[in-house]
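Whatever this is, show me its structure:
(chains A and B)
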Amino acid sequence: MNARFGLTVRAVAVACIVAGTAAAQEPRLLAIRDDATRELVRTFVEAARGRGTPTEPLISKALQGVAFKADAKRIEQALVRLDKHLRRSRELLGAQATTDEVAAGAEALGNGVPDGALRDLRRTADRRPAALRRPITVEIGVLTELVAKGVSPGKAGEMVRQLMARGATGTQLTELNAAVQQDVALGVSPAAALELRGKGVMSLLPPPISAAAAQRVP
Amino acid sequence: MLTAALSLAALSFFVSSSAAAQGEQVESRLEIGAAQIQQPGREARSALVLGGLRHHADSAMAAYIGGTITWARDSVAAAQAVAAVAWRPSPQSRWQLEAGGAGAAFALSQIGSAGNVSGWSRARYALSRNVGVLAGATAGYTVRGSEESPSTALEAGAWATAGPLVVELTAARARTRDSLLMAASRVYGKPGIGWLDVGDVALSASWGVGQLALELAQRWRTGLAGTDAAQAASSGAATWTMTSRTALVATVGRQLADPARGAPDATVASAVFRLTFGAGGPATPAGSEAAVTPMERGANLVVRIRAPIGARVEVAGSFSNWDPVPLDLRNGVWEARITVAPGRYRVAYRIDGGPWRAPGGLARLREFGGEVGLIVIP
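Coordinates of the predicted model:
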């Protein structure tokens, strides 16, 4: 084996090891062909993993950027922004928040939902009787969609919070969301549609359940 | 009069594009507007334009019936009725056959009252998804007083598409005995010849993105077999879709005489308001929708896209790690059925590698120069 052949073998071996390591960590990143972009994403993912914030949104965002043929700079800008929102979401939703909740919160913050609205949803959820507590991923997701449809963040946040307080289910909230979309498509203003549909859902809900009352439930 | 010919030209494009559309579409249109028309050597005239049509299309066939009335202050008027059909043997067929007929009655300031009937047929063959060839024939018969003038035309050409751009190049040879119409259009024959022969080369392009659609056309004409003609004409049209039911259509340019349809050489500028009625109208400008059907756990996400038969339609999203998933053609509509677990998802589709867009019916965000739709599955 001459020196040149040995060098080639080592180079191939190193490449295999590097690729194998990357694949072992997150095989989906191998879909990113540009080395610099893949390394950039890996850095963000490793940092998030170290902090304990969700990594899935970062990977998904990067893959979306690649699918949309965004250049490395735009993908980096998107990841910086998302990473910031993931950290802020975790602060607002608390240490007990699930990764899905934190990810939903980051998406909400990135689309104009104010800090206070997320904090209010968490507080409202925490006031639920222990037996009725569940993640608020759907609530945050519906809030994000309502804001994306053009409802003011304050009005959307307050409506979702009220519905949560009255015990609206995830299905009821997503149905509300779909109804608002239909109304908007017919020309109704997003705010008026939410007001109308929100009151409709509200009328179907029982009065707020107090913790004491919930404890009496067999 | 020009509008009559223009509406036929538009019809040709309309039918061919509608036949390529997927899914059943039924719609009616009412158009009202104004036009400024000038024939060679005459003063320009203002005219009122009133038109209507009914159109039906599914995956294999498109049919159209409509009428246009143009009325000018000094009694220069035209009324035209047209009917046309485009048909494919199957939704996947490379062949498309088109045929149509028109009848018109008009009063022209320079050449008097007349009537015309015409018929045409055309076959298109797709060589690939983006390129095809066409061939067709037209025959027309014009009666002007005691004078009866037959006309014929043969054409061949090719078309190509690139995303939202469609380009068509055709060459045609037309023969007519309508020397009066052609003389009014500055086309003359040598003394003693019965037929006037002209050769035309036409290049047209159409392009539509979002609410705006543009069409540009250029035609060159040369006299053949003893006919004296050397003419060129350009025209353009822009359609701005304001809502799913309303649009503004502006047209400007010159048309060369079309003897088969009895249409003279004229320059026109028109603006028309279009009102569309239909079964709910188009769901979205892009003809797309996403529907979520809840299951015991998770949901079935169905994405439906209206796109040309030969198109490459893909959907991607966080559920597929943004790997494009090809859609299947089902009952004339491109469709993807995806089972998703509870959670939040982003979804987008594209046609022929074009920009990513959010399906209709979803909240949408602009990201990375495209669009994504948001979905929450409880």
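
which SS state does the closest residue to chain A within the stretch 1-150 of chain B fall under?
Closest approach between the stretch 1-150 of chain B and chain A, counting by C-beta to the nearest C-beta: residue B:27, at 17.5 Å. (C-beta placed from N, C-alpha, C; glycine too.) Look at residue B:27: counting by DSSP: H, G, I helix; E, B strand; the rest coil, its state is strand.

partner residues bridging it?
Applying DSSP bridges to residue B:27 gives these bridge partners: residue B:55, residue B:278.

and it, what pLDDT?
Residue B:27 carries a pLDDT value of 70.

That one and residue B:55 touch, don't they?
Yes - taking contacts as C-beta atoms under 8 Å, residue B:27 lies within contact range of residue B:55: 5.5 Å.

of the two, who's got more company?
residue B:55 (21 against 18; other C-beta atoms under 10 Å in any protein chain shown).

surely that one meets residue B:82?
No - Residue B:55 is beyond contact range of residue B:82, at 11.5 Å (criterion: C-beta under 8 Å).

which residues do those two both contact?
B:64, B:66 (C-beta atoms under 8 Å, 6 or more residues apart in numbering or on different chains).

Quick check: residues of chain A near chain B?
A:28, A:31, A:60, A:63-70, A:74-75, A:78, A:100, A:103-104, A:107, A:111, A:137-138, A:141-142, A:144-146, A:148-149, A:169-171, A:173-174, A:177-178, A:181, A:185 (C-beta under 8 Å from any C-beta of the partner chain).

hang on, the earlier thing: please report how far the residue of the stretch 1-150 of chain B closest to chain A lies from residue B:250.
21 Å (C-beta to C-beta, to the nearest Å).

Who are the contact partners of the residue of chain A at minimum distance from chain B?
Using C-beta to the nearest C-beta, the closest approach of chain A to chain B is made by residue A:170 at 3.1 Å. Residues near residue A:170 by C-beta under 8 Å, 6+ apart: A:138-139, B:378.

let's go with 6 Å and repeat that
A:138, B:378 (C-beta atoms under 6 Å, 6 or more residues apart in numbering or on different chains).

Likewise for the one 4 residues further on?
For residue A:174, the contact set (C-beta under 6 Å, 6+ apart) comprises B:376, B:378.

tell me the phi and psi of it?
phi -70, psi -30 (degrees, to the nearest 10).

how does the chain divide up, domain by domain?
This is for chain A. With domains defined by automatic domain parsing, chain A comprises A:10-110, A:114-218.

Wait, chain B was what I had in mind.
B:4-277, B:288-377.

does the shortest one come close to chain A?
Pointing back at domain B:288-377 there. Yes - Domain B:288-377 lies within reach of chain A by C-beta under 6 Å from any C-beta of the partner chain, at B:316, B:318, B:321-322, B:344, B:356, B:363, B:365, B:368, B:370, B:374, B:376.

Tell me which residues of stretch A:87-104 come out buried.
Residues of stretch A:87-104 classed as buried: A:88-90, A:92-93, A:97, A:99-104 (neighbour count, 16 or more other C-beta atoms under 10 Å in any protein chain shown).

Enumerate the residues of chain B near chain A.
So far as C-beta under 6 Å from any C-beta goes, chain B lies against chain A at B:316, B:318, B:321-322, B:344, B:356, B:363, B:365, B:368, B:370, B:374, B:376, B:378.

try 7 Å this time
B:316, B:318, B:321-322, B:343-344, B:346, B:356, B:361, B:363-365, B:368-370, B:374, B:376, B:378 (C-beta under 7 Å from any C-beta of the partner chain).

which among these end up buried?
Buried, going by 16+ other C-beta under 10 Å: B:316, B:318, B:322, B:343-344, B:346, B:356, B:361, B:363-365, B:368, B:370, B:374, B:376, B:378, out of the residues of chain B next to chain A.

one step back: so for residue A:207, which of the domains of chain B sits nearest?
domain B:288-377 (26.4 Å; C-beta to C-beta).

Next, the distance between the ends of the closest one.
Terminal residues of domain B:288-377 are spaced 20 Å apart (C-alpha to C-alpha, to the nearest Å).

Rounded mean pLDDT for that domain, please.
86.

Now find how far off-centre it is within its chain.
28 Å (C-alpha atoms, centre = their mean, to the nearest Å).

What residue, apart from its backbone neighbours, is nearest the closest residue to chain A within chain B spatially?
Nearest residue of chain B to chain A (C-beta to the nearest C-beta) works out as residue B:378 at 3.1 Å. Spatial nearest neighbour of residue B:378, excluding adjacent residues (C-beta to C-beta, 6 or more residues apart in numbering or on different chains): residue A:170 at 3.1 Å.

can you pull the contacts of residue 102?
In the absence of a named chain, this looks at chain A. Shown in contact with residue A:102 (C-beta atoms under 7 Å, 6 or more residues apart in numbering or on different chains): A:53-54, A:86, A:89-90, A:93.

wrong chain, I was asking about chain B
B:8, B:80-82, B:118, B:261.

One more: residue B:125?
B:94-95, B:132-133.

what about residue B:52, distance to residue A:39?
62 Å.

re earlier: quick check: the farthest pair among the buried ones among the residues of chain B next to chain A?
Those two in those that are separated most widely, counting by C-beta to C-beta, are B:368 and B:378, at 27.8 Å.

And for the spatially closest residue to residue B:135 that is not a sequence neighbour, the neighbour number?
Closest residue in space to residue B:135, ignoring its immediate chain neighbours: residue B:156 at 4.7 Å, by C-beta to C-beta, 6+ apart. Neighbour count for residue B:156, taken as other C-beta under 10 Å: 14.
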